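1. Kindly return the folded structure for what I paste below:
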Amino acid sequence: MDSNSPVSPETTQPDVALELAQVKHELELAEGKIMQLELALLQSRDFAIGAAAEASEIPIIRAKFQNQFAESERQLADANEHIKSHVAHIARLEKLVADLLKLERVNKDLRTQMNHLKISVTWRVGRLIMLPIRIVKRIVK
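-> Next up, the predicted model:
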């Protein structure tokens, strides 16, 4: 068709109606796309706000973890000091046990010497002679 050829109103009306329907359809598609873009914009804005809120909490969380770390280091130092104290106490006890074992050997040697002394003739004779004097001392008391 030439652009110079005459067009009747009956033939143009269906074309206009068709073109109008097509434009309405394109408009609806464009509006749907705009709504999707607006929704995406709102979602990205919400995400940005949430990220900003999380970022503002980071110093608080960092301070909290630093305090927990400092407390755990203090507890570790206390535990190490406690362990050192226990190790020193155990060393003292081990020394005392060693000294006790030495004294036990000395006591055993002294008991052996006393038993040998008591079974000697001199001890038995001295005891027999001193018996009357011991009896007299008990009576006097």
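2. Against Ala48, how distant is Glu54?
-> The gap separating Glu54 from Ala48 is 11 Å, by Cβ to Cβ, to the nearest Å. All C-beta spots, glycine's among them, are computed from the backbone N, C-alpha and C.
3. what do you get for Leu93?
-> Counting by Cβ to Cβ, the gap from Leu93 to Ala48 is 66 Å.
4. Nearest the middle, which residue of the protein would you pick?
-> Ser72 (7.7 Å; Cα atoms, centre = their mean).
5. Return the backbone torsion pair for it.
-> Main-chain torsions, Ser72, degrees, to the nearest 10: phi -70, psi -30.
6. for it, what are its contacts?
-> By Cβ atoms under 8 Å, 6 or more residues apart in numbering, no residues touch Ser72.
7. Please report the distance of it from Gln66.
-> Applying Cβ to Cβ, the value for Ser72 to Gln66 is 11 Å.
8. what's around Met130, how many residues?
-> By other Cβ atoms under 10 Å, the residues close to Met130 number 11.
9. Check which helix or strand it maps to.
-> If you go by DSSP states H and E, Met130 is part of helix 121-140.
10. ok now stretch 91-102, how far from the chain's centre?
-> 38 Å (Cα atoms, centre = their mean, to the nearest Å).
11. May I have that stretch as CSV, with CA atoms only?
-> Taking C-alpha atoms only, stretch 91-102 is exported to CSV below (Å, rounded to 0.1, in the frame of the first residue of the first chain):
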residue,chain,number,x,y,z
ALA,A,91,57.1,-31.2,95.1
ARG,A,92,57.0,-30.3,98.8
LEU,A,93,55.0,-33.4,99.5
GLU,A,94,57.4,-35.6,97.6
LYS,A,95,60.3,-34.1,99.6
LEU,A,96,58.4,-34.8,102.8
VAL,A,97,57.7,-38.3,101.8
ALA,A,98,61.4,-38.8,101.0
ASP,A,99,62.3,-37.4,104.4
LEU,A,100,59.7,-39.6,106.0
LEU,A,101,61.2,-42.7,104.4
LYS,A,102,64.6,-41.7,105.7
